[in-house]
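Peer 1: pasting the sequence and the predicted coordinates here, then a few questions.
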Amino acid sequence: MLNHKPRIYRLKGTIGKCGTNNPDDVKAIQKMIISAGYHLFTGRTIKANGVCDSQTEQAIIWYQRLLTLSPTGLIYPTDSFFIQAIENAYTAGRRVQHTTGSLRVREGQVTFDSEGIDYITAVEPFRQQRYPGFSRILHWPPKFSSGVTLGRGYDMGNRSSGEIFSTLRLAGIEEYKAVICSKASHLKGHQAGQFVRVYGPLIGEITHAQQIRLFEIVYREKLNYAQGVYSRNSRYVADALTWYKIDKEIRDVFVDTIYQGNRTAPDMVKIMARGGSQNEIIDYLKNDPILSSDRRRNEIRIRGLNK
């Protein structure tokens, strides 16, 4: 039977200010801090020499503050929250891998496919620097109105800290990641970009299952909003179809256009409400200057209608 290393490094004693500072433990923590990018973010350096000097204590305090922990400068063997966060910033081998083909969601597949790109494996917390569409990490769409985003479209720019924390926990995302992400409340523009740069390595990647669950929670918000838009505008159409009488494929595409901020939604509602065909919706998508400007997204919508 194979012996596996524990998922989280276990300290033999306390590390830091007034700690027992077992040299092996100190050296392990120092290596974690160095690998997690401490120098990149602070400009400070520490040595992995097993000696808990003032530089090491300051590094511990810096990460404790980053994680909204009491900045005591002391790590206890039970501080798995701290150790897991630091390990996650540089470890790539523990993430659940998806190996069964395309990711599927219960509803909103068009939007799920449009909101990001996935890969079977991923090896770096900052993979988005080379793969702009990779979605299972913190990222920031480069628009001033966009906030810090996680997964397929969970934008935190207009959300409270409490909402972010509770939603991420409901999606099965680890507590320490939810705590960090709650700091992104109402950040937009360059502040959001800076947040991603500093905190991205600590979050690392969420799993495929977490991403799907988070999307399904968020999609309900957009679905409810889209239904409201349809209800308000379909009142002006004689004998308008009710929402659930419309083809599911057309409803999914309508919700996706709402994600993008559909300025001509009333025109699309008119087509839908009078029972317009999928071909009429495709013509609408091709002729709308804003929707058609995102070629990749519009092609996904049209493929969804042509199934």
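Peer 2: In hand now; what should we look at?

Peer 1: low-confidence bits of this protein, can you list those?
Peer 2: Within the chain, the ranges that satisfy pLDDT under 70 run 1-8, 89-102, 119-132.

Peer 1: the residue most central in space within the chain and Phe112: what is the separation?
Peer 2: By Cα atoms, centre = their mean, the chain has its centre lying nearest to Leu150, at 1.3 Å. Per Cβ to Cβ, to the nearest Å, Leu150 is found 14 Å from Phe112. Yep, even glycine has a C-beta here, placed from its N, CA and C like the rest.

Peer 1: swap in Lys17?
Peer 2: From Lys17 to Phe112 the distance is 47 Å (Cβ to Cβ).

Peer 1: which one's more surrounded, the two?
Peer 2: Taking neighbours as other Cβ atoms under 10 Å, Lys17 and Phe112 compare with Phe112 leading, 27 against 17.

Peer 1: setting aside sequence neighbours, what's the nearest residue to that one?
Peer 2: Once flanking residues are discounted, Phe112 sits nearest to Val105: 4.8 Å by Cβ to Cβ, 6 or more residues apart in numbering.

Peer 1: quick check on His139: phi, psi?
Peer 2: When read as degrees, to the nearest 10, the backbone of His139 gives phi -150, psi 170.

Peer 1: for it, give me its contacts.
Peer 2: Residues near His139 by Cβ atoms under 8 Å, 6 or more residues apart in numbering: Gln128, Val148, Thr149, Leu150, Val196, Gly200.

Peer 1: closest to Ala85 among these?
Peer 2: Gly200 (12.3 Å; Cβ to Cβ).

Peer 1: any idea how far Pro266 is from that closest one?
Peer 2: Distance from Gly200 to Pro266, by Cβ to Cβ: 39 Å.

Peer 1: likewise Asp288?
Peer 2: With Cβ to Cβ as the criterion, Asp288 and Pro266 are 12 Å apart.

Peer 1: same deal with Leu40?
Peer 2: 49 Å.

Peer 1: excluding chain neighbours, what is closest to the residue nearest to the centre of the chain?
Peer 2: Closest to Leu150 by Cβ to Cβ, 6+ apart is Leu138, at 5.7 Å.

Peer 1: could you do Val198 as well?
Peer 2: Phe41 (5.7 Å).

Peer 1: burial of that neighbour, as a residue count?
Peer 2: With other Cβ under 10 Å as criterion, Phe41 counts 15.

Peer 1: please parse the chain into its domains.
Peer 2: 15-88, 109-207, 210-305 (automatic domain parsing).
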